[in-house]
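# model this:
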Amino acid sequence: MSTSIRFKLSFMMFLEFFIWGAWFVTLGTYLSKNLQAQPLEIANVFSTQSLGAIIAPFIIGMIADRYFNAERILGVLHIIGAVLMYQMYNATEISSFYPYVLAYMVLYMPTLSLVNSVSFRQLTNPEKQFSNIRIWGTIGWIIAGLSISYLFKWDAAEASSAGALKNTFLMGAIASLVLGLFSFTLPKTPPVKIESDQKPSFSSIIGLDAIKLLKDRNFLIFFVSSILICIPLAFYYQNANPFLDQIGMENPTGKMTIGQISEVLFLLALPVFFSKFGFKKTILVGMLAWALRYILFAYGNAGDLSFMLILGIALHGICYDFFFVSGQIYTDSKAGIKYKSAAQGLITLATYGVGQLIGFWVAGFIGEKYAYLQQANVADFWKQTWIIPAGIAFVVFIIFLVAFKDEKVENKAVAE
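Coordinates of the predicted model:
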């Protein structure tokens, strides 16, 4: 891979996740503080991510795999996304904010699969090379969080109460416009050619051919586990920033980037761990880390036990990389050449779609259920909130441990 292509793919990943990190981390705090949204209203807004992810496989399978270059679709989606993000910046009520965030997430979520597709088509050894490209996405997320807390100080108690967090949407809009324009310079990623005598079926046109992967018992177990583990993941996205803000931790958004710094380190270690211990053990370590981090959140505080919160945040590298990134590699190894984009879209459906849709609503329900505690004792409220996803993650760990039959996923990096 040439230096020019490596730079373009890396910068693409940087902007892709800078955009997401620029506004999504502080969204829960913004909605509750500035738009006075209730727990179920907040869950409704966060669920737009899942609705976008559910639609994503159809967009990818129907368009990227069939008719148009993936990099061009990526550019168009991000340019339109910039306009929608600017409208979110201008919204003053939850009722006017929701339609724009819904439209935005329907367009943004397919881009997660598109950047993977553009990358994988350029890589000769994905197990070795993809981590080095994907790491720039994590760096982008980190820079966004550090900018919010330490450069602009938008999440400081006084600033966020005064509405400064709305500026995160303007920052996201500018970055989205830049990536939209830059996408047209990316390596050409045309659709895979189909022989003229092969008439595509309806299922292939809308990208459902990737569902054939579910006939593989192990992949089916992985797919179901991906849905289930994303229920506790939704709790983190929806509640982590408000949690740290409400218990009095200073610069919560900046401190949450410790999780992404951890992600960088474990992303670099992933190929070694993957090759030495195999796919199953890698996934299991990631699942167990989710349960542990929520226990740390439940019993930590912003005072003498703040180290527990920092450790819980730092576990994000294991939680995310060992499950989601290794899962992307596993999915790519299972998919045929024709269906790589659709297969990545399918796993996006399982993780960011169905699993988190359930998770956001469960988190919203729990927030409503224990709302009385929040008025009386914030610490007790958050303890109850975090115990539930910890239990769910541990149950998924047991299911995968028992049901998934260990198999060798070829790791070309070992041979080099």
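# okay, CA-based contacts and neighbour counts for the rest of this
OK.
# which residues sit against stretch 24-38?
Residues outside stretch 24-38 that contact it (CA atoms under 8 Å, 6 or more residues apart in numbering): 42, 92-94, 145, 155, 160-163, 165-166, 237-239, 241-242, 245, 253.
# ok, of the residues you listed, which come out buried?
42, 94, 145, 155, 160, 165-166, 237-239, 241-242, 245, 253 (16 or more other CA atoms under 10 Å).
# mind picking the two most distant members of those?
Ile94 and Gly145 (23.6 Å; CA to CA).
# ok, longest helix in this protein?
Using DSSP state H, we find that the single longest helix of the chain is helix 252-299.
# mind giving me the packing neighbours of that one?
helix 126-146, helix 217-246, helix 306-314, helix 316-320, helix 326-334, helix 378-403 (3 or more CA pairs under 8 Å, 6 or more residues apart in numbering; DSSP states H and E).
# nearest to Glu71, of these?
helix 126-146 (16.1 Å).
# report the mean confidence score over that closest one.
For helix 126-146, mean pLDDT is 89.
# following that helix, which helix or strand shows up next?
helix 157-161 (DSSP states H and E).
# outside of that next one itself, list whatever touches it.
30, 33-34, 153-154, 165.
# low-confidence ranges, the stretch 1-150 of the chain, go.
Where the stretch 1-150 of the chain drops to pLDDT under 70, the residues are 57, 59-65.
# show me the helices in it, by range?
Using DSSP state H, counting those that start in this stretch, the helices found in the stretch 1-150 of the chain span residues 3-23, 27-34, 39-59, 70-90, 94-122, 126-146.
# out of the ones you listed, flag the one nearest Phe266.
Among those, helix 126-146 sits nearest to Phe266 (CA to CA), with 9.9 Å.
# the closest one packs against which elements?
Applying 3+ CA pairs under 8 Å, 6+ apart, one finds that helix 126-146 contacts helix 3-23, helix 94-122, helix 252-299, helix 412-415.
# keeping just the C-alphas, turn the first one into CSV.
The C-alpha coordinates for helix 3-23 follow below in CSV (Å, rounded to 0.1, in the frame of the first residue of the first chain):
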residue,chain,number,x,y,z
THR,A,3,2.1,6.2,1.4
SER,A,4,-0.5,8.3,-0.3
ILE,A,5,-3.3,5.7,0.0
ARG,A,6,-2.3,5.0,3.7
PHE,A,7,-2.6,8.8,4.4
LYS,A,8,-6.0,9.1,2.7
LEU,A,9,-7.5,6.1,4.5
SER,A,10,-6.1,7.3,7.8
PHE,A,11,-7.4,10.9,7.4
MET,A,12,-10.7,9.4,6.4
MET,A,13,-10.9,7.4,9.6
PHE,A,14,-9.8,10.4,11.7
LEU,A,15,-12.5,12.6,10.4
GLU,A,16,-15.2,9.9,10.5
PHE,A,17,-14.8,9.4,14.2
PHE,A,18,-13.9,13.0,15.0
ILE,A,19,-17.4,13.9,13.7
TRP,A,20,-19.1,11.3,15.9
GLY,A,21,-17.0,12.1,19.0
ALA,A,22,-17.6,15.9,18.5
TRP,A,23,-21.2,15.8,19.6
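# chain center to it: distance?
14 Å (CA atoms, centre = their mean, to the nearest Å).
# just the second one next, same as before
Relative to its chain's centre, helix 94-122 lies at 11 Å (CA atoms, centre = their mean).
# between that helix and helix 70-90, how big is the angle?
Orientation check (axes from the mean of the first three to the mean of the last three CA atoms, to 10 degrees): helix 94-122 against helix 70-90 gives 160 degrees.
# just want the angle from helix 94-122 to helix 3-23.
Going by the same axes, to 10 degrees, helix 94-122 makes 160 degrees with helix 3-23.
# what does the third one give?
Angular relation of helix 252-299 and helix 3-23 on a 0 to 180 degree scale: 70 degrees, by the same axes, to 10 degrees.
# and Ile174, what's its pLDDT?
98.
# next: Val354.
88.
# can you list the helices and strands packed on helix 252-299 in JSON lines and add distance to Ser176?
What follows is these, written out as JSON lines (distance: least, CA to CA, whole Å):
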{"stretch": "helix 126-146", "distance to Ser176": "13"}
{"stretch": "helix 217-246", "distance to Ser176": "21"}
{"stretch": "helix 306-314", "distance to Ser176": "27"}
{"stretch": "helix 316-320", "distance to Ser176": "24"}
{"stretch": "helix 326-334", "distance to Ser176": "24"}
{"stretch": "helix 378-403", "distance to Ser176": "32"}
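# can you tell me which of the ones you listed is packed in deepest?
The highest average neighbour count among the helices and strands packed on helix 252-299, using mean count of other CA atoms under 10 Å, belongs to helix 316-320 at a mean of 25.
# what sits against Gly137?
By CA under 8 Å, 6+ apart, the neighbours of Gly137 are 10, 12-18.
# low pLDDT regions in the stretch 301-416 of the chain?
Ranges of the stretch 301-416 of the chain meeting pLDDT under 70: 336, 338, 341, 345, 410-416.
# can you rerun that using 50?
Filtered on pLDDT under 50, the stretch 301-416 of the chain yields the residue ranges 411-416.
# spatially nearest residue to Pro242 (excluding sequence neighbours)?
Among residues not flanking Pro242 along the chain, Thr29 sits closest, at 4.9 Å (CA to CA, 6 or more residues apart in numbering).
# how many residues are close by the one you found?
Thr29: 27 surrounding residues under other CA atoms under 10 Å.
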